[in-house]
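> how would this look folded up:
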Amino acid sequence: MGLALTLVTPPALAADPVTEALSNGETNLDARYRYEFVDQDGFEKDAGASTLRTRLGYRTGEISGFTGFLEAEHVTRLGGETYNSTINGVQNRPKVIDPEVAEINQAWVRYEGLVDTRMTYGRQRFFLDNHRFIGTVGWRQNEQTFDGLTVVNESLPDTTLTAGYLYNANRIFSDASPNGNAPMDTGVLNARYDGLGAGSLTAYTYLLSYENAPGRSTRSHGLRFSGETETGEELDALYTLEYAHQSDYDDNNADFDVDYYRVEGGVRAAGVTAKVGQELLGSDGGNVAFETPLATLHAMNGWTDQFLSTPDQGLEDTYASLATTVSGVSLKAIHHRFDSDEGSAEFGSETGFVASWSPDETYTLGAKAALYSADNNDPNPDRTDTDKAWLWVDASF
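Sure, this is the predicted structure:
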């Protein structure tokens, strides 16, 4: 009798909106195993990182327009400590920035009680456009999240307005690293218009103010247009044009003005996508270069991560790629040529290949490799020939 009574929900409790919101929530679980291999000139030994990342989260049901979300993240090493995670003390092997970590990845409250508006406060996954300025660094096992307030409004036709105040970046290095957190007072404004038919037009302003690194504080304003147009039967034209200007901001004592642009064109036909493009992160006299420290940098200028910081001479990245799908397997090849903006430095070249396959909505298997040649030239002393390869399997439930 006592057991039966414990299984009966009192009417008052069943009607309680808080209890109902908690009981009607959703749980998410995902895990990713990855092996990363690095062969880099200048190190006596190669790096091999075998890691498993697990995320477990719970999102509440809605109560008066509010929902909440909490997600824990755990990264563990499987096997030997044969790589430099930046915090494990291994110095004779190349870096693989996948440290062991256990932390709260996301913890936020969201309000959607206003028409066409979403407000989120707390630790959150937040990115804009193609991740060039604000991104999640989702390639690394410990992704980048932000602490702050973001507001997204879609009241105007074909328009998405995003504003945010970010006061900390939870970086990929983990809380155990002195580089694991970046306290800041950063303002974000992004307006995208999708009513042109041929593509999306975006205007943005990003005001980065770092508390502990004022020399990295910058003001960036830009415009981006990206889209595609059907030009014939089974033939699409693809294009992206983007320009931004960056200068010193807040307590940054430097005085500089630098430019950024991306020009990209391509075609998609018969199941094959081909693109060519050039991205420039400009330099001011060879002393200061355009930087995007909150970006998903792995996706930008080569997969061997040679340019996570822009060289002072700037960076000109000229690239071409081919992508297709064969028997359900997504394939892509990309080649980069790197040069300086100021002067005539050659920063080498990189060729990358990636294949991924999803047999269903739960699992994804992938393999990737990237080969970087530094060209062994004097203006490129900070980079050496580097080969990287990855194997992974991802499961989401």
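> residues near Tyr363, how many?
Using other C-beta atoms under 10 Å, Tyr363 has 12 neighbouring residues. Placement of C-beta: from N, CA and C, glycine included.
> Spatially nearest residue to it, not counting backbone neighbours?
Once flanking residues are discounted, Tyr363 sits nearest to Ala395: 5.4 Å by C-beta to C-beta, 6 or more residues apart in numbering.
> So, low pLDDT: which residues of the stretch 251-397 of the chain?
The stretch 251-397 of the chain contains residues with pLDDT under 70 at 376-381.
> quick one on the thing from earlier: measure the residue nearest to Tyr363 to Thr54 for me?
10 Å (C-beta to C-beta, to the nearest Å).
> which neighbours do the two share?
Residues touching both Ala395 and Thr54 (C-beta atoms under 8 Å, 6 or more residues apart in numbering) are Asp30, Ala31.
> got the CA positions of the helix or strand hosting the residue nearest to Tyr363 in PDB?
Element membership for Ala395 (DSSP states H and E) is strand 386-396. The C-alpha trace of strand 386-396 is given here as PDB (Å, rounded to 0.1, in the frame of the first residue of the first chain):
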ATOM      1  CA  THR A 386      53.400  19.400 -40.700                       C
ATOM      2  CA  ASP A 387      51.200  16.400 -41.500                       C
ATOM      3  CA  LYS A 388      48.000  15.700 -39.600                       C
ATOM      4  CA  ALA A 389      45.500  12.900 -39.800                       C
ATOM      5  CA  TRP A 390      42.200  12.100 -38.000                       C
ATOM      6  CA  LEU A 391      39.800   9.300 -37.500                       C
ATOM      7  CA  TRP A 392      36.600   9.700 -35.600                       C
ATOM      8  CA  VAL A 393      33.100   8.400 -34.800                       C
ATOM      9  CA  ASP A 394      30.300  10.500 -33.400                       C
ATOM     10  CA  ALA A 395      27.100   9.400 -31.900                       C
ATOM     11  CA  SER A 396      24.200  11.600 -30.900                       C
END
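> Pull out the buried positions in that strand.
Thr386, Asp387, Lys388, Ala389, Trp390, Trp392, Asp394 (16 or more other C-beta atoms under 10 Å).
> cool, and stretch 17-33?
Across stretch 17-33, burial judged by 16+ other C-beta under 10 Å covers Glu20, Ala21, Gly25, Asp30, Arg32, Tyr33.
> what about that stretch, how long is it end to end?
39 Å (C-alpha to C-alpha, to the nearest Å).
> average pLDDT for it?
The average of the pLDDT scores along stretch 17-33 is 88.
> ditto for stretch 118-127
Stretch 118-127 carries an average pLDDT of 99.
> Flag every buried residue along it.
Buried residues in stretch 118-127, defined by neighbour count with 16+ other C-beta under 10 Å: Met119, Thr120, Gly122, Arg123, Gln124, Arg125, Phe126, Phe127.
> Also stretch 288-299?
Buried, per 16+ other C-beta under 10 Å, within stretch 288-299: Val288, Ala289, Phe290, Glu291, Thr292, Pro293, Leu294, Ala295, Thr296, Leu297, His298.
> cool, stretch 350-358 as well?
Those would be Glu350, Gly352, Val354, Ser356, for stretch 350-358 by 16+ other C-beta under 10 Å.
> Now do the helix ranked longest in the chain: which elements does it pack against?
Longest helix in the chain by number of residues (criterion: DSSP state H): helix 17-23. On a contact count with 3 or more C-beta pairs under 8 Å, 6 or more residues apart in numbering; DSSP states H and E, helix 17-23 meets no helix or strand.
> again, 10 Å this time
Under the contact definition 3 or more C-beta pairs under 10 Å, 6 or more residues apart in numbering; DSSP states H and E, helix 17-23 sits against helix 11-15, strand 66-77.
> Tell me which helix or strand comes right after the last one.
Later in the chain than strand 66-77, the nearest helix or strand by DSSP H and E is strand 101-111.
> Pairing partners for that next one, with directions?
strand 66-77 (antiparallel), strand 117-124 (antiparallel) (DSSP bridges).
> for these, which one sits closest to Gly197?
Nearest of these to Gly197, taken as C-beta to C-beta: strand 117-124 at 25.9 Å.
> Please state the offset of that closest one from the chain centre?
18 Å (C-alpha atoms, centre = their mean, to the nearest Å).
> Which secondary structure elements does the very next helix or strand once past that strand sit against?
As assigned by DSSP H and E, the chain's next helix or strand after strand 117-124 is strand 145-153. Under the contact definition 3+ C-beta pairs under 10 Å, 6+ apart, strand 145-153 sits against strand 101-111, strand 117-124, strand 159-170, strand 181-193.
> Just the mean pLDDT for the first one, thanks.
Which is strand 101-111. For strand 101-111, mean pLDDT is 98.
> Could you do the third one as well?
Averaging the model's pLDDT scores along strand 159-170 yields 99.
> if we can go back for a sec, can you tell me which residues contact the residue nearest to Tyr363?
Under the criterion of C-beta atoms under 10 Å, 6 or more residues apart in numbering, the contact list for Ala395 reads Leu29, Asp30, Ala31, Arg32, Tyr33, Thr54, Thr362, Tyr363, Thr364.
> can you check Glu143 too?
Residues near Glu143 by C-beta under 10 Å, 6+ apart: 53, 55, 73, 105-106, 125, 135-137, 170-172, 296.
> Return the member of those residues nearest to Glu233.
Comparing the contacts of Glu143 against Glu233 with C-beta to C-beta picks out Thr296 as the nearest, at 35.3 Å.
> Next, the contact list for the closest residue to Ser64 other than its chain neighbours, please.
Leaving aside its chain neighbours, Ser64 sits nearest to Gly113 (6.7 Å; criterion: C-beta to C-beta, 6+ apart). The contact partners of Gly113, taken as C-beta under 10 Å, 6+ apart, are Glu62, Ser64, Gly65, Phe66, Met119.
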